[in-house]
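Fold the following for me, if possible:
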Amino acid sequence: MEKIFTVTLPDIGEGVVEGEVIEWIKELNTKLEQDEPVVIVMTDKATVELPAPYPGKLVKIYYQPGEIAIRGKPLYDIELDEALSCLPTQQKSEQIVNLPLVQKKAEAKIATCAQGKALATPATRKIARDLGLDLSLIQGSGSHGEVTFEDIKRHYSHSQAKAVPPLAFPDDQIEPLIGIRQLMAQKMALSKRFIPHFSYFEQVEATRLVKLRQKVKEEAAKEKIHVTYMPFLIRALSLTLKQYPLFNSSLEPENQHLRIHQPHNIGIAMATKLGLIVAVLKHVEKMSLAQIVRAYEQLKNRAVQNRLSPNDMKDSTITISNFGVLGGGGLWATPIINYPEAAILAVSKIQKQPLVINGSLELRDTLNLSWSFDHRIIDGDMAAAFSHYYATLIQNPAPLL
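Numbering: from 1, shown residues only. Next comes the predicted model:
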């Protein structure tokens, strides 16, 4: 008497609940040996080769290549060999897969499977569907030729650039978007498309900061170093990140990881002749205020002279933009996050504003803080606490020294 045993998608570990069927190694109605590979499944974590738990014949498959199998749901049926001395009982989960043991076998086959179908993890496929992209048109750069999240970003940027016909008039002047301008345009488009922004604003009294900066400025003048407010803002941001490290992070959507960065690599948005650039002051968490003053002065001079190296403009983990240095009376902004960071701060110039102090209206030096945050990582209450801590350091700046 024949006995049908249904094999379900096993527990592959690490919270994986689904996987894409890439290839059926064995065809229907073919004989299976115990532990013989039957099907290749790709999850967000790995590509695995699933073996037959018992000998028999493959009589039914529940998913075609490209379809998503669910953990614990039927994957295929085996007609068990009559020679089995003890027939197994059906269980909810028949096998636990040891990833390190099976992944090596799958790697040799993954590049040639799926008969020309674009390879990608389920998470990557979802992102492509949300953007309306055809994965078969995207060149994969993964180790086995699979399409990655980075491939989707590049393809999306290029497709967006070509999607809308330009508004053209006979006397228009054409300027090519190249170099830094092109790079910044791509990063801003990526940021707005992939990061759900939300903004938070706070006004802070800066009377003590103005006095402290004047004192430091006079001392630094002896060494012919010009001291702006930016080193103080940078130092305050680093001290705040030590209390709230989540704000010094970035999300990796392809594998659903949140990467919290240890170094405080603070990007400073600067307007140059070549366009808007983000110069990066690295490992600020290891610097004193005096060291930040000198390092920032050197970085700014390189930017003004267009002598920034590629290393000066990469690996930032959070960014500050000081629109106050541009003049004018702008009070607030909604800055675009420097992709793939979690936050950006834009500050106004320090100016006199009426504040209520002990029941009386007084003119005080104030600084306006405009934040943008990645809402996938940061909630409103967290943003308020983070901004308040930063504002406290601006209002009472003694810890900056």
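
Looks like Pro340 contacts Ser249 (just checking).
No. Using C-beta atoms under 8 Å, Pro340 is not in contact with Ser249; the gap is 9.5 Å. C-beta: built from backbone N, CA, C; applies to glycine.

which stretches of the stretch 301-401 of the chain form helices?
Applying DSSP state H, counting those that start in this stretch to the stretch 301-401 of the chain gives helices spanning 380-395.

where in this structure is pLDDT low?
The chain contains residues with pLDDT under 70 at 1-2, 12-16, 44-46, 83-118, 143-144, 160-165, 178-179, 254-255.

quick check: longest strand of it.
Assignment by DSSP state E gives strand 360-374 as the longest strand of the chain.

In that strand, which residues are buried?
Applying a neighbour-count criterion of 16 or more other C-beta atoms under 10 Å, one finds 365-374 buried in strand 360-374.

how deep is Arg376 tucked in, by neighbour count?
Number of residues near Arg376 (other C-beta atoms under 10 Å) recorded here: 12.

do the one 5 residues further on as well
For Asp381, the number of neighbouring residues by other C-beta under 10 Å comes to 8.

got the contact list for it?
Listed by C-beta atoms under 8 Å, 6 or more residues apart in numbering, the contact set of Asp381 is empty.

and the gap between it and Ser387?
According to C-beta to C-beta, to the nearest Å, Asp381 stands 11 Å off from Ser387.

now do Asp312
Using C-beta to C-beta, one gets 28 Å for the distance from Asp312 to Ser387.

Looking at the two now, which is surrounded by more residues?
More crowded of Asp312 and Ser387, by other C-beta under 10 Å: Ser387, with 23 against 18.

how close does that one get to Glu252?
25 Å.

Check which helix or strand the spatially most central residue of the chain maps to.
In the chain, the residue lying closest to the centroid (C-alpha atoms, centre = their mean) is Leu251, at 3.4 Å. Per DSSP states H and E: Leu251 is located in strand 249-252.

The following helix or strand past that strand pairs with which strands, parallel or anti?
Toward the C-terminus, strand 249-252 is succeeded by strand 257-260 as the next helix or strand (DSSP H and E). Strand 257-260 has these partner strands in its sheet, going by DSSP bridges: strand 249-252 (antiparallel).

List the contacts of the partner strand.
149, 257-261, 317, 340-342, 374, 376-377.

got the residue ranges for the helices in this structure?
99-110, 122-131, 149-163, 179-194, 207-221, 230-243, 289-304, 380-395 (DSSP state H).

re earlier: buried ones in the strand holding Leu251, by neighbour count?
249-251.

Can I get those in CSV including distance to Ala236?
Listed next are those as CSV, based on distance: C-beta to C-beta, whole Å:
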residue, distance to Ala236
Ser249, 19
Ser250, 21
Leu251, 25
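
ranking the helices of the chain by burial, who's on top?
For those, the largest average neighbour count (mean count of other C-beta atoms under 10 Å) is found in helix 230-243, namely a mean of 21.

Next, the angle from that one to helix 289-304.
120 degrees (axes from the mean of the first three to the mean of the last three C-alpha atoms, to 10 degrees).

give the contact list for the closest residue to Glu150 other than its chain neighbours.
Once flanking residues are discounted, Glu150 sits nearest to Ser141: 6.8 Å by C-beta to C-beta, 6 or more residues apart in numbering. Shown in contact with Ser141 (C-beta under 8 Å, 6+ apart): 147-148, 150-151.
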